[in-house]
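Asker: Could you look at this predicted model? Sequence included:
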Amino acid sequence: MNDIWWQTKGEGDCDLVLLHGWGLNAQVWDCIIPQLSSHFTVHLVDLPGYGRSGGFAALSLRQMADIVLSQAPEKAIWLGWSLGGLVASELALLVPERMHALVTVASSPCFSARDGWAGIKPEVLAGFQHQLSEDFQRTVERFLALQTLGTETAKQDARALKNTVLSLDMPSAEVLNGGLEILKTADLRTALSALEIPFLRLYGRLDGLVPRKIVPLLDEMWPRSKSILFPKAAHAPFISHPAEFCDALVALKARL
């Protein structure tokens with residue numbers, strides 16, 4: 001098995017593993033590491049096939065979770081953003097005993113729109129998959145731009161995401177396509193309803209990829225979980241509202 005890139009920062013008394021989203025890498029967290037590292041021992045991961053974790057083909061959600069777990073601390077708070085939220089959620093279902101808590105950020109247990117469920121239209125995800133083969137970089141940039149639309153700092157937030165992608169080698173089209181396939185097909189709604197570990201869900205009210213209307217539905221479906229909706233954030237609240245974002249994590253740690 002190939003190793004994935006893994007870096008540890010900070011000397012806090014609680015381990016915190018951060019999993020990034022589709023197309024990106026662990027450098028996306030740079031804006032909040034100074035604030036988190038005094039409270040947590042922070043583990044930065046490039047998901048298999050992304051950033052510095054090259055040498056992987058397209059993987060299933062379970063395969064991705066297994067590979068990440070192989071280098072993980074014995075017990076930690078696991079935080080996953082967007083696609084990373086699905087990976088962290090899959091791990092919570094597989095090894096809840098390895099988690100102090102699960103945190104998902106701008107993530108959905110089912111990203112694809114279904115009957116009675118708001119999400120990304122399947123034809124939109126299929127369009128991204130098709131476009132990857134035609135104009136690789138522009139497709140990734142377009143997806144990133146969608147993540148910041150509507151926020152007061154949209155242009156600089158989109159620039160930060162783009163710089164994160166361009167700072168390292170781009171993932172292969174195969175890996176990116178595999179990630180979109182996970183977003184298109186995964187549905188953890190029912191499975192996560194039985195989760196008993198502390199579970200915090202963070203959302204941006206302006207998010208165009210994870211509609212805010214799913215928040216009350218999941219509040220009802222998962223009554224043991226807690227949700228926070230950042231009113232002026234979109235799909236990357238840790239970039240647009242870093243102080244409030246970090247405060248929510250420190251407060252979670254205090255409750256454990």
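Answerer: Happy to help now that I have it.
Asker: tell me the phi and psi of Ser104?
Answerer: Quick fix: residue 104 reads Thr, not Ser. Torsion angles at Thr104 (phi, psi; degrees, to the nearest 10) stand at phi -110, psi 140.
Asker: who are the neighbours in contact with it?
Answerer: Thr104 sits next to 79-81, 85, 88-89, 199-202 when contact means CB atoms under 8 Å, 6 or more residues apart in numbering. (C-beta placed from N, C-alpha, C; glycine too.)
Asker: tell me the pLDDT at the nearest residue to it once chain neighbours are set aside?
Answerer: Using CB to CB, 6 or more residues apart in numbering and skipping the chain neighbours, the partner closest in space to Thr104 is Gly85 (3.7 Å). Confidence at Gly85, expressed as pLDDT, is 98.
Asker: Touching the helix or strand where Gly85 lies from outside, list them.
Answerer: According to DSSP states H and E, Gly85 maps onto helix 83-94. Contacts to helix 83-94, defined as CB under 8 Å, 6+ apart, come from residues 17-22, 47, 61-62, 64-66, 68-69, 78-80, 98-99, 102-109, 111, 179, 182-183, 186, 188, 191-192, 195, 197, 199.
Asker: so of the contacts of Thr104, which ones are in strands?
Answerer: 79-81, 199-202 (DSSP state E).
Asker: out of those, what pair is the most spread apart?
Answerer: Trp81 and Phe199 (15.3 Å; CB to CB).
Asker: Of the two, give the one with the bigger neighbour count.
Answerer: Taking neighbours as other CB atoms under 10 Å, Trp81 and Phe199 compare with Trp81 leading, 27 against 21.
Asker: Kindly state the beta-bridge partners for the residue lying closest to the more buried one once chain neighbours are set aside.
Answerer: Nearest residue to Trp81, sequence neighbours excluded (CB to CB, 6+ apart): Val105, at 4.2 Å. Here Val105 sits in beta bridges with Trp81, Leu202, going by DSSP bridges.
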